[in-house]
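A.B. asks: Give me a model of this one.
(2 chains)
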Amino acid sequence: MLKLAPLFLGFIFTLYSPAHAFDFDLQKALNVVQKAQQASKTIEAPQEIQIGDGIAANLLGAAPLFSDNQSQQYINRVGRWLSLQTERPDLPWKFGILESADVNAFATPGGTILITRGLLQKLNNESELAGVLAHEIVHVLRKHHLAALQKSARTGLATELLGEALKGKADPALLDKAIKAGTEVYARGLDKDDEFEADRMGIVIATRAGYDPYGLPAVLQMLDASDAQDSSLALMFKTHPAPRDRLGRLDKIMGNQFDAYAAPKQTDKRFLAAVARRK
Amino acid sequence: MKYPMKQLMGLLAIPLSNLKTVAKWLVIAIRPGYQSTTARPLICALFIFGSLAAPVHAEQVAYTVRSTEIKQQPFSDAATVATLNEKTSVNILSRQGGWMKISSERGSGWVKLLSLRSNSTAGKQGDSGLQSLLNAGRSGSSGVTVATGVRGLSEEDLKNARPNPRELEKLQRYAVDKAQAEKFARGAKLKNQQLDYLPSNGNS
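C.D. replies: Okay, the predicted model is just below:
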């Protein structure tokens, strides 16, 4: 934990501007994003995993795991297989179903992916599940949440971290604060472009794993057709670009090149056995 | 009809693979004069099962976002049944890969999934760019929050979340290694494909 202090200090010095911390200015905001992205490279994998596990523990505090071993084991296998198609196959990937009727999914730094029971039960097959998990996996690969955490750290958290560091004591509570600020990123959402990037790369990861590339687009279409007033979708809609905008982006880049891929039928049987029996 | 149509529509949320079974039961059940007392609860059970299950695109209405050909088969080089104008309403029946089976006033067949959008208002619920910029300018950590005592995944729930290390340990125990994942893939004949990430097309 102590090792974290210099790391945080590094990006605070880059980001923190006391006189203007509360002014809003577009150019400044963009600069901050840029710097945060540069700074995120300085957080090493062990710290990334530590922060991510802390955030995952918080999310699990909000909603515990769905108590069904078979489906938990099932999504871990689908997810781990997907992770092997990425540039970070050696992270400690772990996947979980949250006991919640909400429709949502989360990724925390270092390789934890959580999907709600509510979303899982809206899916029709393993390719759709793979599409959702691959989207979340990209948030980990591209360190989207670390960047967002660092961006938010420029105000309150930054002050405290900086103050503690100047006093020469690196309080383990700093990590807790980072985790708390990190968890709030999930209430606020990522930048839209991070979500579009997760879609764009997610479909490729799912396809690499042998799945139907249109699993994720099909889920987005299901969301597009969902009742906007449904409270179980509220946070997901608030924290993501509109499904039709996400479909529009995929529409521009997918073309016909994905038509040749299809998932083996065996995956459908398996999905129904592991997931649908509990519906 | 013995069952009110509206209710049936709402309940028609049955995974594709179950449709055959359901159809069989329906054929038996709606035969004139069929009075079995044993099959009825079974049919009801099937519909209840279905209503909790994933929504199939049965009777889902969508519209075309561009002039779109209806194909006889879900392939680009299949024969063209008809051409739909932009903003034509269609009923989605099922999906196969990037193709949706549809019915419309101009005919039935297959249309590309990405040529269709829903008619619902869900799209308006998405975050606007301005909002996310404003959010980015604010710090989320200073707000005074009220604990509701009800656990869940709302915005407030997440802001007030307390760690649950025991559940995290449980989560870690579910993790599998590479070999287990590869065995799982082989079990369903999943083969990995070589494919590069797509360029962003200069849009983001």
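
A.B. asks: CA only for contacts and neighbour counts going forward, please
C.D. replies: Noted.

A.B. asks: what kind of secondary structure is A:G248 in?
C.D. replies: For A:G248, the assignment made with DSSP: H, G, I helix; E, B strand; the rest coil gives helix.

A.B. asks: quick one: the helices in chain A?
C.D. replies: Secondary structure of chain A, counting by DSSP state H: helices at A:4-15, A:26-40, A:45-62, A:69-83, A:117-120, A:126-141, A:144-152, A:156-166, A:173-188, A:192-208, A:215-224, A:234-239, A:243-254, A:266-274.

A.B. asks: got the CA positions of the longest strand belonging to chain B in CSV?
C.D. replies: Longest strand in chain B, counting residues (DSSP state E): strand B:89-96. Coordinates of each C-alpha in strand B:89-96 appear next as CSV, following Å, rounded to 0.1, in the frame of the first residue of the first chain:
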residue,chain,number,x,y,z
SER,B,89,-41.5,0.0,-40.0
VAL,B,90,-40.8,-3.8,-39.8
ASN,B,91,-41.6,-6.6,-37.3
ILE,B,92,-38.5,-8.4,-36.1
LEU,B,93,-39.1,-12.2,-35.9
SER,B,94,-35.6,-13.7,-35.1
ARG,B,95,-31.9,-13.1,-35.5
GLN,B,96,-29.2,-15.1,-37.3
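
A.B. asks: which of the residues in the helix or strand just after it are buried?
C.D. replies: Using DSSP states H and E, the helix or strand that directly follows strand B:89-96 along the chain is strand B:99-104. For strand B:99-104, a neighbour-count test (16 or more other CA atoms under 10 Å in any protein chain shown) marks B:99-103 as buried.

A.B. asks: Please apply the same query to stretch A:267-279.
C.D. replies: Judged by neighbour count using 16+ other CA under 10 Å, the buried positions of stretch A:267-279 are A:267-268, A:270-272, A:274-276, A:279.

A.B. asks: in chain B, which segments are predicted with low confidence?
C.D. replies: B:1-59, B:120-151, B:202-204 (pLDDT under 70).

A.B. asks: Please repeat the previous calculation with a cut-off of 50.
C.D. replies: Low-confidence segments of chain B (pLDDT under 50): B:1-4, B:6-58, B:122-150, B:202-204.

A.B. asks: Run through the strands of it in chain order.
C.D. replies: Ranges of strands within chain B are B:60-64, B:68-71, B:80-84, B:89-96, B:99-104, B:107-112, B:116-118, based on DSSP E.

A.B. asks: Can you tell me which of those strands is most buried?
C.D. replies: Greatest average neighbour count among the strands of chain B goes to strand B:116-118 (a mean of 26), per mean count of other CA atoms under 10 Å in any protein chain shown.

A.B. asks: which other helices and strands contact it?
C.D. replies: Using 3 or more CA pairs under 8 Å, 6 or more residues apart in numbering or on different chains; DSSP states H and E, the elements in contact with strand B:116-118 are helix A:215-224, strand B:60-64.

A.B. asks: With adjacent residues omitted, what lies nearest to B:T68?
C.D. replies: Among residues not flanking B:T68 along the chain, B:L84 sits closest, at 5.1 Å (CA to CA, 6 or more residues apart in numbering or on different chains).

A.B. asks: Kindly apply the preceding question to A:D102 instead.
C.D. replies: Using CA to CA, 6+ apart, the closest residue to A:D102 is A:S232 (4.2 Å).

A.B. asks: go on, A:I203?
C.D. replies: Nearest residue to A:I203 in three dimensions, chain neighbours excluded: A:P213, at 5.5 Å (CA to CA, 6+ apart).

A.B. asks: So what's the residue count around that neighbour?
C.D. replies: For A:P213, the count of nearby residues is 29 (other CA atoms under 10 Å in any protein chain shown).

A.B. asks: quick revisit: with distance to A:A107 as new columns, can the strands of chain B be given to me in CSV?
C.D. replies: Shown next, in CSV, are these (distance: least, CA to CA, whole Å):
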stretch, distance to A:A107
strand B:60-64, 30
strand B:68-71, 37
strand B:80-84, 40
strand B:89-96, 28
strand B:99-104, 29
strand B:107-112, 30
strand B:116-118, 27
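
A.B. asks: just to revisit the earlier point, need the buried residues of stretch A:267-279 in TSV with distance to B:K189 and pLDDT, can you?
C.D. replies: Formatted as TSV, the buried residues of stretch A:267-279 follow (distance: CA to CA, whole Å; pLDDT from 0 to 100):
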residue	distance to B:K189	pLDDT
A:T267	8	95
A:D268	12	91
A:R270	12	94
A:F271	14	96
A:L272	17	93
A:A274	17	91
A:V275	19	89
A:A276	21	73
A:K279	26	54
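
A.B. asks: Give me the residue ranges of the stretch 101-250 of chain A where confidence is low.
C.D. replies: Applying pLDDT under 50 to the stretch 101-250 of chain A flags residues A:162-170.

A.B. asks: mind checking how far stretch A:244-260 is from the chain centre?
C.D. replies: Computed by CA atoms, centre = their mean, to the nearest Å, the chain-centroid distance of stretch A:244-260 equals 21 Å.

A.B. asks: buried set for that stretch?
C.D. replies: By neighbour count on 16+ other CA under 10 Å, the buried set for stretch A:244-260 is A:244-251, A:254, A:258-259.

A.B. asks: what residues does it touch?
C.D. replies: By CA atoms under 8 Å, 6 or more residues apart in numbering or on different chains, the residues outside stretch A:244-260 that reach it are A:196, A:199-200, A:213, A:217, A:220-221, A:224, B:75, B:97-98, B:114-115, B:117-118, B:123, B:198-201.

A.B. asks: Quick one: buried ones out of the residues you listed?
C.D. replies: A:196, A:199-200, A:213, A:217, A:220-221, A:224, B:75, B:97-98, B:114-115, B:117-118, B:123.

A.B. asks: which one among those residues gets closest to A:A173?
C.D. replies: Relative to A:A173, the closest of these is A:F196; by CA to CA it sits at 34.1 Å.

A.B. asks: Look up how far A:A242 lies from the closest one.
C.D. replies: According to CA to CA, to the nearest Å, A:F196 stands 11 Å off from A:A242.

A.B. asks: now do A:S226
C.D. replies: Look at A:S226 and A:A242: by CA to CA, they are 12 Å apart.

A.B. asks: Between these two, which has more neighbouring residues?
C.D. replies: A direct count of neighbours by other CA under 10 Å for A:S226 and A:A242 places A:A242 higher, at 23 against 19.

A.B. asks: List the residues that contact B:T64.
C.D. replies: B:84-90, B:115-117.

A.B. asks: correction: A:A206
C.D. replies: Per CA under 8 Å, 6+ apart, neighbours of A:A206: A:82, A:127, A:130-131, A:134, A:212-213.

A.B. asks: how about the residue nearest the centre of chain A, what does it touch?
C.D. replies: Residue closest to the mean C-alpha point of chain A, counted by CA atoms, centre = their mean, is A:A107 at 3.0 Å. Residues in contact with A:A107 (CA under 8 Å, 6+ apart) are A:113-114, A:136-137, A:139-140.

A.B. asks: how about the residues of the stretch 1-150 of chain A that lie near chain B?
C.D. replies: By CA under 8 Å from any CA of the partner chain, the residues of the stretch 1-150 of chain A that approach chain B are A:22-24, A:29, A:53-65, A:72-73, A:76-78, A:80-81, A:84-85, A:93-96, A:100, A:102, A:121-124.
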